[in-house]
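Novice: The amino acid sequence is not available; the structure is as follows:
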């Protein structure tokens, strides 16, 4: 059986020199499914990079409306192809077809693309600033170089390298994308790339603006990530993988936006437990086991007072975890990593209250609750905040408010941090905890689980190192996510005709611009412009 | 003679274990001047870092008005102390006291601090975004960690680690600063730190918010730059130094904003030369030799057509360069580096048209013009775009418009790129050149020299790697420069009382905020807020 084609330089073509293939696996059975996909060699990577570089200038100069048309057209195509996409993604990931993929993730994917299109039409991501006295105009602009995107295993649609938030962001900023699919869902990625490719041609954009590779060796990946022809890297995945790629990119001066791991600490304050402990146990259980716990924002560390109300919460949680069926994980690799993490947490002093073992058929793992005292945790905080990616959480039992604060202070950078307090605000520890937790997390959440990541201009799906590689950027939310893939460009005394549209005197689109310190969306009085 | 004190933990104290001292040197004579300053050892660095970390939380929580008061108070103190500061800086750098230091650089320094204060009062740098439907609010926030700033040799006031743009930016974002003075002007830095320290106490900010070290070994510097307790690094200086520090910071996940080297290519189009060649020669000469050419934005590479008008320009320039006295450089190191760079450019095929040698007394170098054909340049573009920091420039002679374009395409990342065309716009090569040059530079300049860097919201004093370490940030211009030293913080369903002022429902200061997609500066209807 010939391996499937790659999307390189605007056409579907066979891998250049692939001696190796792989197939997707149905995680529910462990059986290989679907066709064979190529593991790319050096020539494929070079061809993709060279084509992307060749397309970069033309794409950067393309009318923004055409970019927006592409994003909208692609969104439409995804919506229309929902049935096929959901079936493929379900087969390759075992994520629930109706509740998760069809009802949530697919609409989120097309909505994200449409919000990117909207940011393109409004020029919001470019943040134009004009100083008429100094004759200076600045905005965020395309990188004029390709963006390499590594998709994660856990969102086959909404974070897919060829359809997700990183993709939408990089394209919105008019940069070509080299998408590296996650090898656990190649057919889903292929289908998306087919839709993207068609939408691209319809919009009249350079054909090499979107390319797809399914898989390549770690060695080649590191070499590509350190190739100075790249403009930036977007990555969602494991800490080890992210740090290795970041190191390669750093050496070449390439901005690398890595969204790595996070235990997403949740603090349950005494008032909250006294008031609604049983409901919180249910809420926590749902959040921790949804999607078999395979969320970047999974509540992996829950801080619970070591008192009667805390005990009741834990007992209720144990009951829920024990009663639930094993969760299907994406791959043997995820299963093994989870098992290793659970073992390591036990080695460092945690006891297992529920689950803690795998289960057949396929890649199943029992919903797992671990527990450790805060005293023990604080002896080895680095070891005990290791991410256990999957339906697992470590409960840390604190004796008093001070220990809760010490716990918070021991945390490294996380995507989220969550506080549950009494609804009447009587948990006076909230403010202190918020103060300690705030600089350690990207998103501070109150009284709801962190799992949901709304696509909103006010979202931050990011956080301090090592949850991500830079504390100033978000991977979700338009237009902020676009800014990762831009360069700041200033025009000094440059004639109007040579300026990009959003910096010209005339502003027919009513773009919001900062002019001499004020937000305006009107034309600039030509007399105020310094350049001839 | 006991060495001067360091500013650590809010007090002037002796260096802990200094076995080594150094003195400033008058560059005009090469003689040591002023008192002895300590080279810090490990204990000083640790004391400064520990104190800064201890102050970080309090500073982040300080009322912004107090930060603004400090910045304004410090600006006022600098203005009042102008005479002393100018005298010290002149003695240590040999920069002209009246024309440069008193009339330009000192006022720029205090103005920069005041513009930072203004950005603090308006909250402009925080860019608040509110999504009332999703219950999300986000803004840029302090890092809650110290910022380490390395000052350069070439702006003893306006880029001083304890007074310049990096300093103002880091403090505006409420981060403690550990300032590493440039060892070529320790007394100037000490005097500034004294003023800063007093202003700090007057404003009631934590005393360890501003600390000063004069010097330490490269080894200790790299260790400090890689200490995970740091929030960020600001650096202006040489490429070698910047890259070494960046590598250390990268490994620890610390954002490092390095402003390194740049040759600032200038393209003289045929129409411009035909129209005003003699005036351009004067303009170029002035820009290249001002401050003895020791500007990040010095025109170090000038592309000149190889025709009669080009020859006339070159002849005029040679006359000006030959007639000018040798320029005084900041240090023996700068002199040696310049001489090495000039030698290297000659080794790679450039011929010397003027200058090219040092001259006594002190650290003087003759204004230097080198020339090479575009054909020769394009054989070794990396070697021939080496920065020669000082009053030196390489002229590249092109035979036609295509060679000019090829030249532009061979350039690595630069802070600036400049095009001179005919004033009537008849140089039709402008648009093509602008297109090729645009992605390679941070600031595209037309018809004026790039040397001046206006302090403006629309400035970009930044550029693609390797001119800086990240293409998305500027080191000059408020509020954009502040954004380097911030973290993106999101609040999800968090009660109003726990929000920072600029994200609360009530907006008594009239802060400009993006609310549900619209810029507004009024109160939020409490009914629209999702949190209780």
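Specialist: Arrived safely. As the structure is a computational prediction, the values presented were derived from the model and not from experiment.
Novice: can I assume residue A:304 is in contact with residue A:313?
Specialist: Yes - Residue A:304 lies in contact with residue A:313 (Cβ atoms under 8 Å); the separation is 5.9 Å. Placement of C-beta: from N, CA and C, glycine included.
Novice: who touches both of the two?
Specialist: A:268, A:273 (Cβ atoms under 8 Å, 6 or more residues apart in numbering or on different chains).
Novice: how does chain A divide up, domain by domain?
Specialist: Here chain A is described, according to automatic domain parsing, as comprising the domains A:35-260+A:476-482, A:266-446.
Novice: May I see the ones you listed organised as a markdown table, with mean pLDDT added?
Specialist: Conversion of the domains of chain A to a markdown table gives the following (pLDDT from 0 to 100):
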| stretch | mean pLDDT |
| --- | --- |
| domain A:35-260+A:476-482 | 97 |
| domain A:266-446 | 97 |
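Novice: Make a markdown table out of those and add mean neighbour count and distance to chain B.
Specialist: Formatted as a markdown table, the domains of chain A follow (neighbours: other Cβ atoms under 10 Å in any protein chain shown; distance: least, Cβ to the nearest Cβ, whole Å):
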| stretch | mean neighbour count | distance to chain B |
| --- | --- | --- |
| domain A:35-260+A:476-482 | 23 | 3 |
| domain A:266-446 | 21 | 3 |
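Novice: Using JSON lines, please lay out those together with distance to residue B:438.
Specialist: JSON lines is the format used below for those (distance: least, Cβ to Cβ, whole Å):
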{"stretch": "domain A:35-260+A:476-482", "distance to residue B:438": "8"}
{"stretch": "domain A:266-446", "distance to residue B:438": "33"}
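Novice: Out of those, which gets nearest to residue B:144?
Specialist: Of all those, it is domain A:266-446 that lies closest to residue B:144, at 3.4 Å by Cβ to Cβ.
Novice: And the strands in the stretch 301-450 of chain A?
Specialist: Using DSSP state E, counting those that start in this stretch, the strands of the stretch 301-450 of chain A run over A:301-305, A:327-328, A:351-354, A:358-359, A:364-365, A:368-373, A:392-398, A:414-420, A:441-446.
Novice: Tell me the strands beside the fifth one, with direction?
Specialist: In the sheet containing strand A:364-365, the strands it pairs with under DSSP bridges are strand A:327-328 (antiparallel), strand A:358-359 (antiparallel).
Novice: what sits up against it?
Specialist: The contact list for strand A:364-365, computed with Cβ under 8 Å, 6+ apart, reads A:292, A:326-329, A:335, A:338-339, A:355, A:357-359, A:390-392.
Novice: one step back: let me have the strands of the stretch 301-450 of chain A in TSV, adding distance to residue A:270 as columns.
Specialist: Converted to TSV, the strands of the stretch 301-450 of chain A look like this (distance: least, Cβ to Cβ, whole Å):
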stretch	distance to residue A:270
strand A:301-305	5
strand A:327-328	31
strand A:351-354	21
strand A:358-359	36
strand A:364-365	32
strand A:368-373	17
strand A:392-398	10
strand A:414-420	10
strand A:441-446	16
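Novice: Would you mind measuring from residue A:364 to residue A:335?
Specialist: Note on residue A:364: its distance to residue A:335, by Cβ to Cβ, to the nearest Å, is 8 Å.
Novice: And residue A:26, by the same measure?
Specialist: Here the distance between residue A:26 and residue A:335 works out to 14 Å (Cβ to Cβ).
Novice: repeat for residue A:200
Specialist: In this view, residue A:200 and residue A:335 are 37 Å apart by Cβ to Cβ.
Novice: Ok, residue A:80 next?
Specialist: Residue A:80 sits 35 Å away from residue A:335, taking Cβ to Cβ as the criterion.
Novice: And residue A:506, by the same measure?
Specialist: 60 Å.
Novice: Is stretch A:504-522 in proximity to chain B?
Specialist: Yes - for a cut-off given as Cβ under 8 Å from any Cβ of the partner chain, stretch A:504-522 has contacts with chain B, namely A:512, A:514, A:517, A:519.
Novice: Now distance to residue B:85 too, for the strands paired with strand A:364-365, in a markdown table please.
Specialist: Shown next, in a markdown table, are those (distance: least, Cβ to Cβ, whole Å):
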| stretch | distance to residue B:85 |
| --- | --- |
| strand A:327-328 | 66 |
| strand A:358-359 | 70 |
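Novice: how about the helices of the stretch 301-450 of chain A, start to end?
Specialist: A:308-323, A:332-347, A:374-379, A:381-384, A:401-409, A:429-437 (DSSP state H, counting those that start in this stretch).
Novice: Any chance of the ones you listed in TSV with distance to residue B:484 as columns?
Specialist: Output for the helices of the stretch 301-450 of chain A, formatted as TSV (distance: least, Cβ to Cβ, whole Å):
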stretch	distance to residue B:484
helix A:308-323	43
helix A:332-347	35
helix A:374-379	34
helix A:381-384	28
helix A:401-409	26
helix A:429-437	24
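Novice: Identify all contacting residues around stretch A:73-82.
Specialist: Contacts to stretch A:73-82, defined as Cβ under 8 Å, 6+ apart, come from residues A:85, A:102, A:106-107, A:109-111, A:113-114, A:117, A:157, A:163, A:191-192, A:195-196, A:198-200, A:202-203.
Novice: same deal with stretch A:298-310?
Specialist: A:262-270, A:273-274, A:277, A:284, A:287-288, A:313-314, A:373-374, A:385, A:387-389, A:392-399, A:404, A:407-408, A:418, A:449-451.
Novice: Quick one: distance of that stretch to the chain centre.
Specialist: 27 Å (Cα atoms, centre = their mean, to the nearest Å).
Novice: what about that stretch, how long is it end to end?
Specialist: Terminal residues of stretch A:298-310 are spaced 20 Å apart (Cα to Cα, to the nearest Å).
Novice: cool, stretch A:133-147 as well?
Specialist: OK, stretch A:133-147 end separation, Cα to Cα: 36 Å.
Novice: now do the same end-to-end measure for stretch A:475-488.
Specialist: 19 Å.
Novice: Contact partners for residue A:280?
Specialist: Taking Cβ under 8 Å, 6+ apart, one finds A:268, A:272-273, A:313, A:420 in contact with residue A:280.
Novice: Could you name the helices and strands sitting against whichever helix or strand residue A:190 is part of?
Specialist: In the assignment (DSSP states H and E), residue A:190 maps to helix A:186-203. Other helices and strands packing on helix A:186-203, by 3 or more Cβ pairs under 8 Å, 6 or more residues apart in numbering or on different chains; DSSP states H and E, are strand A:21-26, strand A:31-38, helix A:64-80, helix A:82-93, strand A:210-213.
Novice: can you do 7 Å?
Specialist: Applying 3 or more Cβ pairs under 7 Å, 6 or more residues apart in numbering or on different chains; DSSP states H and E, one finds that helix A:186-203 contacts helix A:64-80, helix A:82-93, strand A:210-213.
Novice: Pretty sure residue A:230 sits against residue A:148.
Specialist: Yes - using Cβ atoms under 7 Å, residue A:230 is in contact with residue A:148, at 5.5 Å.
Novice: Dihedrals phi and psi, residue A:293?
Specialist: phi 70, psi 10 (degrees, to the nearest 10).
Novice: residue ranges of the helices in the stretch 101-250 of chain A, please?
Specialist: Taking DSSP H, counting those that start in this stretch as the criterion, the stretch 101-250 of chain A carries its helices at A:106-122, A:165-172, A:186-203, A:218-225, A:239-251.
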